[in-house]
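J.: here is a sequence with its predicted model. Questions after.
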Amino acid sequence: MTSAVTTSTDQATPAIAALAYHDGEFVTLAEATVPVTTQALQYGTGVFEGIRAYVQEDGGLAVFRGHDHYRRLLRSSRTLRIEVGRDVEELSELTAELLRRIGPTSDMYIRPLAFKKSLLPGTPPGVQLTGVSDALTINAFRMGSYTDRGGIRVAISSWRRPESGVLPVRAKVTGGYVNNALAVDEARAAGYDDAILLNSRGQVAEASTSNVFAVIRGRLVTPPVTADLLEGITRDTVVTLATELLDVGTDFHDLGREDLCNADEVFLTGTGAEIVPVTEIGGRPVGDGAPGPLTTALMTAYHDVVRGKDQRYRHWLQTVGSATP
């Protein structure tokens, strides 16, 4: 999701090592390749996560809610019969080791990918989940905030979010993101920054890579999991911070297009997008067309938490540490 961009990455930031964890070893990013016959490439049979690591007040780096992301990766993997071969703790430590070897001094984005690789001996060609080998790769790259904290403009997409009976929407399956790509491409072609997809019942599901929140009569409202959405880690973070820090409750119920248009505030949440205000939907301003007070308060709270400024949420942070000499 792009708009007028603000980012912590600039030309003065020193270069970092281009490394990845791939097929059981740490290699250069150029070596982390797959054959064109890879099953996940052919059929979209892979699952992934997006995880952020933030520079802390002391200058160190910490992964935010990495364990929760890896728990979801393993759940998604089971859906596609992918054997990752590592548990949550091992995956978290692999990620920390990768970051230590890269040696970043700025915020990072981590992309684990578990996927179907190649047919096992005796398995006939075709679309299938058994008789196919599994693989895991993790790469990381520098990424600061890339959305406009002053707000973005979104469209209601003509593309609909698939039902859970059509696609396992509660798993981060690579092939399913064709739907998201079509929606955001349509929105950007019309001059918008992102798209909100409705489900087959005409209710709000999610944005292209984010969950949707509305502020209605002083409370947060976000669609329930039955609306065919991915349960975001940032979504859960926002619900927790709103309750514990701002004394604001969250209602989980269906949202229609008209609910968004009449809401006092609307914002999106996602690991990549973080928390981003929506100031216009389909050419109509949200509220007074500027980020609202609750959205702004949540953005401030969120950034304090991910940078370790609020000690009450240190359990969400995994310190990376320095590379071994």
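T.: Received, thanks. Bear in mind the structure is a predicted one, so any value in this text is a computation, not a measurement.

J.: buried stuff in stretch 45-62?
T.: 45-56, 61-62 (16 or more other CB atoms under 10 Å). For every residue, glycine as well, the C-beta is placed using N, CA and C.

J.: that one: end-to-end distance?
T.: In stretch 45-62, first residue to last residue: 30 Å (CA to CA, to the nearest Å).

J.: cool, stretch 53-72 as well?
T.: 17 Å.

J.: what sits up against it?
T.: Contact with stretch 53-72 is made by 49-52, 88-89, 91-92, 95-96, 99, 104-110, 112, 140, 172, 231, 233, 236-237, 271, 306-309, 316-321, as judged by CB atoms under 8 Å, 6 or more residues apart in numbering.

J.: so for that stretch, what's the average pLDDT?
T.: The average pLDDT for stretch 53-72 rounds to 96.

J.: and if you look at stretch 206-222?
T.: Rounded mean pLDDT across stretch 206-222 is 97.

J.: now stretch 94-104
T.: pLDDT averaged over stretch 94-104 gives 95.

J.: cool, and stretch 136-143?
T.: Rounded mean pLDDT across stretch 136-143 is 96.

J.: run the chain-centre distance for that stretch.
T.: 13 Å (CA atoms, centre = their mean, to the nearest Å).

J.: list of residues touching that stretch?
T.: 7, 9, 13, 16, 19-23, 29, 32, 52-53, 84-86, 91, 94-95, 98-99, 102, 104, 106-115, 272.

J.: now do stretch 246-261
T.: So stretch 246-261 is in contact with 156, 196, 198, 201-204, 212, 214, 216, 218-224, 227, 239, 242-243, 266, 281-282, 284, 286, 294, 297-298, 301, going by CB under 8 Å, 6+ apart.

J.: which helices and strands does the helix or strand where A187 lies pack with?
T.: Assessed by DSSP states H and E, A187 sits inside helix 177-189. The contact analysis (3 or more CB pairs under 8 Å, 6 or more residues apart in numbering; DSSP states H and E) places helix 177-189 against strand 152-160, strand 194-198.

J.: how about the helices in this protein?
T.: 39-43, 66-79, 88-102, 177-189, 233-246, 257-262, 293-306 (DSSP state H).

J.: once you drop chain neighbours, what's closest to the residue nearest in space to the middle of the chain?
T.: When CA atoms, centre = their mean is applied to the chain, the residue found nearest the centroid is T271 (4.0 Å). The shortest distance from T271 to any non-neighbouring residue, by CB to CB, 6 or more residues apart in numbering, is to G50 (4.6 Å).

J.: just name the shakiest helix or strand of this structure by mean pLDDT.
T.: helix 257-262 (a mean of 94; mean pLDDT, DSSP states H and E).

J.: quick check: buried residues in it?
T.: D259, L260.

J.: go on, stretch 148-164?
T.: Buried-residue list, stretch 148-164, by 16+ other CB under 10 Å: 148-149, 151-157, 159-162, 164.

J.: what is the lowest-pLDDT residue among those residues?
T.: Minimum pLDDT across the buried residues of stretch 148-164 falls on D148, with 81.

J.: you'd agree that one is up against V276?
T.: Yes. Judged on CB atoms under 8 Å, D148 makes contact with V276 at a distance of 7.2 Å.

J.: buried residues, stretch 191-202. List them.
T.: Those would be Y192, D193, D194, A195, I196, L197, L198, N199, for stretch 191-202 by 16+ other CB under 10 Å.

J.: next up, the contacts around the nearest residue to L29 once chain neighbours are set aside.
T.: Distances taken as CB to CB, 6+ apart place A18 nearest to L29, at 4.0 Å, with adjacent residues excluded. Neighbouring residues of A18 by CB under 8 Å, 6+ apart: T28, L29, A30, I102.

J.: what about the third one, how many residues nearby?
T.: A30 sits with 9 neighbouring residues when counted by other CB atoms under 10 Å.

J.: what distance do you get for it to E258?
T.: 51 Å (CB to CB, to the nearest Å).

J.: could you do the last one as well?
T.: Between I102 and E258 the distance, using CB to CB, works out to 47 Å.

J.: ok, now the first one?
T.: Spatial separation of T28 from E258 under the definition CB to CB is 52 Å.
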